[in-house]
Structure formats: structure tokens, C-alpha cells
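Student: 3D model of this:
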Amino acid sequence: MKPKINILITDLDNTLFDWFQIWHQSFTAMLGEIGRISGIPTEVLKTEIKTVHETHGTSEYAFLIEELPSLRVKHPGEDLKVLYEPAILAFRAARKAELRLYPSVHETLETIQKCGALIIGYTESLEFYSTYRIRKLDLDGLLDIVYFPPDHDLPDTHERIRLYPSDVYKLTRTKTCRTPKGETKPNPTLLSRIVQDAGGSKDMAAYVGDNLMKDIAMAQRAGIKDVWAEYGVAHHRKEYELLRRVTHWKPESVQTERNLSEDDVKPTYVLDDFSGLLTLFEFTQFKPVEAADATVSRTL
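Tutor: Below is the predicted model of the structure:
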């Protein structure tokens, strides 16, 4: 008999969509335009970009161009957003072209939702960038809850930086929760707390993610059924070296990920397509274990 599951916790990046492909194509397009306009060698730009990413704790920093030292020196007192608008537009065009869910993800989540199971997203990507993708990919409301880190500090006021009122950038149907600032995966205690806060039971929960170290090992240590989204593994692609070159991740994390294999972490379940979840488990109506203590229920 298939295990019964009433809570599905899913990673977002490289599990529901190809985050790396989106990042690589948009970043490469932007970097090429910055180099073309400025004439500054790409390797110099990459070194400066890595420093900015490390400062803000993200490889998706939206205000990157304004903070690159070489550009500030080259254009003292000028508005870098205006001068390098072609780079910004190239980034946006590439992102739009690549932003899509993996095949079967939307349909599978709809099926699980119709069964009454609770669907929770858990990502390390910061709130603003995660919210943008959730809205554009029509996941708002398909995910019952999403956990993400709070945003980095903004270099200016919301009113000047963002084109629309703040409500436009928020999710309207998915409940949002913030993980503690500075907390990163793998964190089995935090994963256990996500189940507890929902009023669920770990033996009725499953966690799916693409990263053996951050996702699978974490779920196993938390005592939650682990499912490896093998189709989303990106770090073996040759293009991944660019991300390693400019990432905000610590060097030891990069090296650990480079060397990790199934011999180090053995997943309990493996997916070659997201729809395989429906074959592995019987999804059932979510009912809080202790209704009085539950913070979330299917009726919210």
C-alpha cells in the first residue's frame, strides 16, 4: 500500500521550475550588455559581482549595477540605471523567456490540492524574488503556505525603486511565513517546526527537493519522508561554473555540493518527473493533529 500523506512540503527552485536556467540566461544576458557598454573586462566584473552578492546574501540582487565599483568609477555622478538600461532590459527579456514550470508540476499540485492535502513551499530564495516567481507561475493559491527568508535591505525607498504599490508585490491567496534571518538549509529543526506550526504530523508529511545535502539529508534528519527531484539537479552542468564564480554561497558549501553524490546521501524516493508523487503516495484530506494548537488548516 502507498503511504498516506496529508502535507506536502516542496522546495521551489529547481524542483517546481528550472531556477538555474532562468538565472543563467538572464544573468548572462545582463553581464554581456554591461561588458559591451562599459568596456570593462568580464573577469573584473565577475569579481565585483561576487562581492556584492556576498554582501547582500543573494545571487539575485536587483540593484547590482548601481553597486559595482568599476561602473561607479567610470561614471561618477551619473545614473547607472539609465546608462545601463539595455542590460536591465536584456535581463528581463531573458527571464521572461525562461520562466516556466517543469512539465506536470501545475497539474500535479492541482490534483494534490483536490485531495485536500496541505501544500507548503519552503525556499532559501529571498521574499521579493520568490514572490515574483510564485505570482508569474500561477502558484499563488496553489501553494497553501510558503516559507522564505526576509528580503535584504533596500538601497533606497520602496516608493522610488518599485514601480507599483507594495500590495502588487504580495501574494493574495498563499499564506506567507518568513524563516529566521540568516537561517539556511539544511535545517531539520526548522523543517520540523514547519510541520508543527501547520498542526500536522511528521509521519503524514513528505518533503520533495532537488538538492541531496540541503533537501534530502535535511528531511531524513527531521524524520520526514524524503523525495529527491533528480530531474532538477543542476550543479553538474558546465554552465554552473558561472554561478559558482559569482555566488554568495560560502566556498565550503560550493565544494561540498560539487562532491556530493548518492553514495553520500541515499534518497528514499526518487523522481524523474514531478507527477511521480502521485504514484508514490496516496494524498488525503489534511486534518490538524491538535486543532486547538494548529495555526493553519485547509479551511483558511
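Student: Tell me how far the helix ranked longest in the chain lies from the chain's centre.
Tutor: Criterion DSSP state H: the longest helix present in the chain is helix 19-38. Relative to its chain's centre, helix 19-38 lies at 19 Å (Cα atoms, centre = their mean, to the nearest Å).
Student: Can you tell me how far the closest residue to residue 72 other than its chain neighbours is from residue 64?
Tutor: Closest residue in space to residue 72, ignoring its immediate chain neighbours: residue 80 at 7.4 Å, by Cβ to Cβ, 6 or more residues apart in numbering. For the C-beta atoms, the positions are set from N, CA and C on the backbone; glycine is no exception. Computed as Cβ to Cβ, to the nearest Å, the residue 80 to residue 64 distance reads 10 Å.
Student: same deal with residue 207?
Tutor: 32 Å.
Student: in this protein, which helix or strand is least confident?
Tutor: In the chain, no helix or strand scores lower on mean pLDDT, DSSP states H and E than helix 158-161, which sits at a mean of 44.
Student: And the pLDDT at residue 74?
Tutor: Residue 74 carries a pLDDT value of 96.
Student: show me the contacts for residue 232.
Tutor: Each residue near residue 232 by Cβ atoms under 8 Å, 6 or more residues apart in numbering is listed here: 14, 15, 18, 102, 210.
Student: follow-up on the earlier one: out of residue 80 and residue 64, which sits in the more crowded spot?
Tutor: Counted by other Cβ atoms under 10 Å, residue 80 and residue 64 do not tie: residue 64 has more neighbours, with 27 against 21.
Student: How about that one, nearest residue that isn't a chain neighbour?
Tutor: Of all residues not flanking residue 64 in the chain, residue 52 sits nearest, at 5.7 Å (Cβ to Cβ, 6+ apart).
Student: Ramachandran angles for that neighbour?
Tutor: The phi/psi pair for residue 52 (degrees, to the nearest 10) reads phi -60, psi -40.
Student: Go ahead and confirm it touches residue 66.
Tutor: No: Residue 52 lies out of contact with residue 66 (Cβ atoms under 8 Å); the separation is 9.6 Å.
Student: Could you list the low-pLDDT ranges of the stretch 51-200 of the chain?
Tutor: Applying pLDDT under 70 to the stretch 51-200 of the chain flags residues 152-169.
Student: now the stretch 201-300 of the chain
Tutor: Residues of the stretch 201-300 of the chain that meet the cut-off, pLDDT under 70, sit at 249-263, 290-300.
Student: Tell me which stretches of it form strands.
Tutor: Remark: strands assigned in the stretch 201-300 of the chain by DSSP state E, counting those that start in this stretch are 205-209, 225-229, 269-271, 282-283.
Student: Tell me where this structure has helices.
Tutor: For the chain, the helices defined by DSSP H cover 19-38, 42-56, 69-74, 80-83, 85-98, 105-114, 127-136, 158-161, 188-197, 217-222, 240-246, 251-259, 277-280.
Student: Residue 148 is nearest to which of the ones you listed?
Tutor: Among those, the nearest to residue 148 by Cβ to Cβ is helix 127-136 (4.6 Å).
Student: for that closest one, which positions count as buried?
Tutor: Of the residues in helix 127-136, 127, 128, 129, 130, 131, 132, 133, 134, 135 count as buried by neighbour count, 16 or more other Cβ atoms under 10 Å.
Student: Let's have these in TSV, adding distance to residue 271.
Tutor: As requested, the buried residues of helix 127-136 are exported to TSV (distance: Cβ to Cβ, whole Å):
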residue	distance to residue 271
127	27
128	29
129	25
130	22
131	26
132	26
133	20
134	21
135	25
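Student: quick one: the residue nearest to residue 64 from residue 40, how far?
Tutor: 14 Å.
Student: Next: residue 141.
Tutor: Going from residue 141 to residue 40 by Cβ to Cβ gives 44 Å.
Student: if you count what's nearby, which of those two comes out ahead?
Tutor: Taking neighbours as other Cβ under 10 Å, residue 141 and residue 40 compare with residue 40 leading, 17 against 12.
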